[in-house]
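1. Predicted model and sequence follow; I will ask about them next.
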Amino acid sequence: MEKQNRKATRVVAVLAGLGLATLMPLAAHAAEKVKVGLMLPYTGTYAALGNAITNGFKQYVAEQGGTLAGREVEYFVVDDESDPAKATENTNKLVKRDEVDVLVGTVHSGVALAMAKVARDTKTLMIIPNAGADELTGPLCAPNVFRTSFTNWQPAYAMGKVAAEKGHKTAVTLTWKYAAGEQAVEGFAKAFEAGGGKVVKQLTLPFPNVEFQALLTEVASLKPDAVYVFFAGGGAAKFVKDYDAAGLKKSIPLYSSGFLTDGTLEAMGGAGEGLLTALHYADGLEIPKDKDFRTKYAMTYKMQPDVYAVQGYDAAQLLKSGLDAVKGGKLDQATMVKAMEAATIDSPRGAFTLSKAHNPVQDIYLRKAEGKDNKLVNVAVKKLADPARGCRM
Ligand code: PHB
């Protein structure tokens, strides 16, 4: 709020200096817009994910007539390149230079952790439209930090449960060595082992490397009953093609959090056919909101939406709930936070509410890859809430 007042004072001072004090009503009007900082990957292995989130966010704003709660939306955009080393500086550009009202980002867990530190330190409202780092709605939870996506634990846990129910006894896991992959493996292992299975080996490679050959040779020699992986974006498409080309797809069932096959099936050129994955979104949901969302998305962007587009769309919906509460007045954060905490988000994935830690409580679907679609099989776990260990709010 202080920031808003500072800004308003500055605008008035500039106008007065120009002898334009009579234009003050105009200045007051300009202060009513909402400045949205989009910090997302627009290059690298997660580029398509950043674009889909942006598309989804803008689609919701377009559906509202190009405004949110009657406010003009001004965008400030930074390509974070999924590079944690640049994350603090990139976030500061949006917060300090552009003075955004809300940070929307990002995809990569490591980048999001650095962003959230800036958001906490500067008390800037933040909405995470993807990154699953468990800490963000766990030990690092904060009143001004919200997430419209998932924790890394959520879909992984559901996949582990399903893999155990299928009777597999041993599994090897394979992922990029950073928060998202490590936490996904942890979630999978927890449920798989609770269901009677055993993770016999955890293999990793650095993000965003795609040299999978040596690891696939190791998988082949370990001969587990099943393989669980976390990969997404461009790297996911390459992994599935390599898994198939190595002859493993025929012999060892491959399971994953659904990021493996969302938005990537076409690039796999058929290698993904039949894969079972778990995620909070699926193709073929019988939800009117989803049908409407998909029709509009396809018309606007000439492609089908994926989970990332949904998460971006829902970030805009959540922001609107906060803006509605301040009714065109000052962006009082406490008022906005209270409304956002109480919101029911009418998501294409199915309506959801937020946990006390500000993470979606949501159904996790089991899906099967068929052609270009991740077809709904069933609900793997209903209304799954992250345990939010360590969150005190
Ligand atoms: C993450 O880094 O948290 C992450 C990235 C891509 C995904 C999912 C999670 O598809």
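-> Okay, I see it.

2. For V307, give its distance to V107.
-> Using CB to CB, to the nearest Å, V307 is found at 11 Å from V107. Every C-beta, even on glycine, is put in place using the N, C-alpha and C of the backbone.

3. Can you pick out the residue with more neighbours from these two?
-> Using other CB atoms under 10 Å as the criterion, V307 and V107 rank with V107 on top: 32 against 27.

4. and that one, what does it touch?
-> By CB atoms under 8 Å, 6 or more residues apart in numbering, the residues touching V107 are L40, P41, Y46, L49, G50, I53, S82, N130, A131, Y308.

5. Sketch out the helices for the protein, chain order is fine.
-> Taking DSSP state H to define them, one finds helices in the chain at 2-17, 24-30, 47-63, 87-92, 109-122, 153-165, 179-194, 213-222, 233-245, 248-251, 265-268, 288-301, 307-326, 333-342.

6. I'd like to know which of the ones you listed lies nearest to K383.
-> Across these, K383 has its closest neighbour in helix 153-165 (11.0 Å, CB to CB).

7. That closest one close to the ligand?
-> No. Shown here: helix 153-165 not in contact with the ligand (CB under 6 Å from any ligand atom), separated by at least 8.9 Å.

8. try stretch 379-391
-> No. Stretch 379-391 lies apart from the ligand when judged by CB under 6 Å from any ligand atom; the minimum separation is 13.1 Å.

9. What mean pLDDT does that stretch get?
-> For stretch 379-391, mean pLDDT is 98.

10. Now do the end-to-end distance for that stretch.
-> 27 Å (CA to CA, to the nearest Å).

11. Surely A158 touches F192?
-> No. Using CB atoms under 8 Å, A158 is not in contact with F192, being 11.0 Å away.

12. circling back: would you list the helices of the chain in a markdown table and tack on mean pLDDT?
-> Converted to a markdown table, these look like this (pLDDT from 0 to 100):
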| stretch | mean pLDDT |
| --- | --- |
| helix 2-17 | 44 |
| helix 24-30 | 44 |
| helix 47-63 | 98 |
| helix 87-92 | 98 |
| helix 109-122 | 98 |
| helix 153-165 | 98 |
| helix 179-194 | 98 |
| helix 213-222 | 98 |
| helix 233-245 | 98 |
| helix 248-251 | 97 |
| helix 265-268 | 98 |
| helix 288-301 | 98 |
| helix 307-326 | 98 |
| helix 333-342 | 98 |
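
13. residues in the stretch 101-250 of the chain within reach of the ligand, list them.
-> Applying CB under 6 Å from any ligand atom, we find that the stretch 101-250 of the chain lies next to the ligand at V107, H108, S109, N130, A131, G132, A133, N152, A180, A232.

14. from those, which two are the most distant?
-> A133 and A232 (13.9 Å).

15. Neighbour count for those two, which is higher?
-> Neighbour totals were compared for A133 and A232, and A232 leads with 30 against 23 (other CB under 10 Å).

16. could you list every residue that touches the more buried one?
-> Contacts of A232 by CB under 8 Å, 6+ apart are T45, Y46, L49, A180, F259, L260, D262, T264.

17. List just the nearest of the residues you listed to V34.
-> Minimum distance to V34 across these is 23.8 Å, recorded for L49 (CB to CB).
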